[in-house]
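A.B. asks: Got a sequence here, can you build the structure:
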Amino acid sequence: MSSEEKPVPSLRPRPVVDRLPRYAAGKPASAVDGLDAFKLASNENPLPPLPEVLAAIAEQAAINRYPDSLATPLREKLGEYLGVPADDVVTGAGSLGALVQILSAFAGQNDDGRPDEVIYAWRSFEAYPICVQTTGAAPVPVPVLGDGRHDLDAMIAAITDQTKVIILCTPNNPTGPALTRAEVEGFLARVPSHILLVLDEAYTEFVRDPETVNGIDLYRNYPNVVVLRTLSKAHGLANLRVGYSVSQPHITESLRLVATPFAVSTLAQDAAVVSLENIDKVLARVEELVQERNRVVAALKEQGWDFPETQGNFVWLPLGERSPEFAAAADSQALSVRAFGTEGVRVSIGEVEANTRFLEIAKEFAG
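C.D. replies: Have a look, this model is predicted:
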């Protein structure tokens with residue numbers, strides 16, 4: 001029997017798999033003669049890791065050995081940097097891996113067959129509905145406000161007896177606004193204490209609004225708060241997948257039970273430790289990107305754009321039906337941006353030349 005004649009296997013995945021939305025990773029820009037191509041579609045740091053970090057990576061030779069499954073040196077360094085006990089830190093393969101651990105431990109399908117519910121803003125990080133449904137829980141997306149901010153009142157109204165986890169993304173990806181401490185504390189005052197509140201702060205190093213919430217300050221006083229962070233963005237370690245959560249011991253003990261063993265390689269752990277040892281240099285680079293973000297924001301406003309305030313390393317253009325057209329125009333100029341259907345376009349802050357070219361395209365669509 002030829003390969004063309006083989007019967008189709010009757011094996012089928014769980015029904016939820018067919019219903020999952022597809023994660024659409026940012027794509028590289030098309031090659032255009034005479035133009036350098038730039039990728040502004042994935043919120044990546046356009047700068048490589050620090051030279052000290054690259055040296056640490058090059059020196060790593062024990063690839064034949066499993067890593068420390070608890071990432072002890074990294075957790076100790078993070079504890080020192082954040083001013084928290086190392087035992088309150090649980091590492092994961094990026095902040096997404098850390099989120100999967102949280103959902104696996106606290107949200108899914110119960111013994112009676114009823115699914116737990118997970119509330120999150122929408123549009124927000126597109127992996128949320130995928131992760132939630134994969135665990136067997138039910139997603140409860142709550143539309144963001146017109147200015148791209150979380151509708152906290154509507155999220156409170158969405159709470160039911162089945163709600164187990166609420167995710168707040170601050171700054172919100174892809175729209176950009178960050179939540180203030182007053183907003184989150186007021187929100188927590190209305191959330192039942194048995195519901196886990198996850199603060200996803202993947203872009204915290206780029207925040208410059210002093211009123212923005214800092215999850216590390218909150219978790220000490222709120223036993224139902226978990227903070228998600230990553231070294232993918234500010235530290236430029238996206239390819240090494242180093243993320244972590246911070247929470248109190250009654251939560252971390254459950255997270256470690258469901259964590260994928262050896263999820264963060266020794267190479268990644270060593271790179272992260274060295275990057276944290278040189279945090280001043282990392283933050284100086286972040287400041288350069290923030291200043292470039294400020295230049296882009298100012299230019300867009302001068303062009304007449306009305307868009308949400310951003311505290312991340314990206315801007316959101318609410319282009320609606322013109323979103324695919326804008327993405328195509330950018331691609332024709334060797335720029336890749338991230339269009340979200342017919343809702344809008346997210347553009348990462350990248351190299352100066354790339355940002356300037358983006359602004360030239362935006363000017364054609366302004367008004």
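
A.B. asks: quick one: secondary structure of Lys363?
C.D. replies: Of the three states, Lys363 takes helix under DSSP: H, G, I helix; E, B strand; the rest coil.

A.B. asks: ok, it - how many residues close by?
C.D. replies: Neighbourhood size, Lys363 [other C-beta atoms under 10 Å]: 15. Bear in mind the C-beta positions are built from the backbone N, C-alpha and C, glycine included.

A.B. asks: Neighbours of the nearest residue to it once chain neighbours are set aside, how many?
C.D. replies: Among residues not flanking Lys363 along the chain, Gln303 sits closest, at 5.2 Å (C-beta to C-beta, 6 or more residues apart in numbering). Gln303 is flanked by 14 other residues according to other C-beta under 10 Å.

A.B. asks: Also Thr204?
C.D. replies: When neighbours are counted by other C-beta under 10 Å, Thr204 registers 24.

A.B. asks: What separation is there between the residue nearest to it when sequence neighbours are not counted and Asn43?
C.D. replies: Excluding the flanking residues, the one nearest Thr204 by C-beta to C-beta, 6+ apart is Arg229, at 6.4 Å. According to C-beta to C-beta, to the nearest Å, Arg229 and Asn43 sit 14 Å apart.

A.B. asks: hang on, the earlier thing: residues touching the residue nearest to Lys363, list them.
C.D. replies: Leu359, Ala362, Lys363, Ala366, Gly367 (C-beta atoms under 8 Å, 6 or more residues apart in numbering).

A.B. asks: wait, doesn't Ala354 sit right on Val337?
C.D. replies: No - using C-beta atoms under 8 Å, Ala354 is not in contact with Val337; the gap is 10.1 Å.

A.B. asks: Find the residues that touch each one of those two.
C.D. replies: Leu40.

A.B. asks: Going along the chain, name the strands of the stretch 1-150 of the chain.
C.D. replies: According to DSSP state E, counting those that start in this stretch, the stretch 1-150 of the chain carries its strands in the segments 38-39, 89-92, 117-122, 138-143.

A.B. asks: same question but for the stretch 151-300 of the chain, I mixed them up
C.D. replies: 163-169, 196-200, 225-230, 243-246.

A.B. asks: Good, we can wrap up now.
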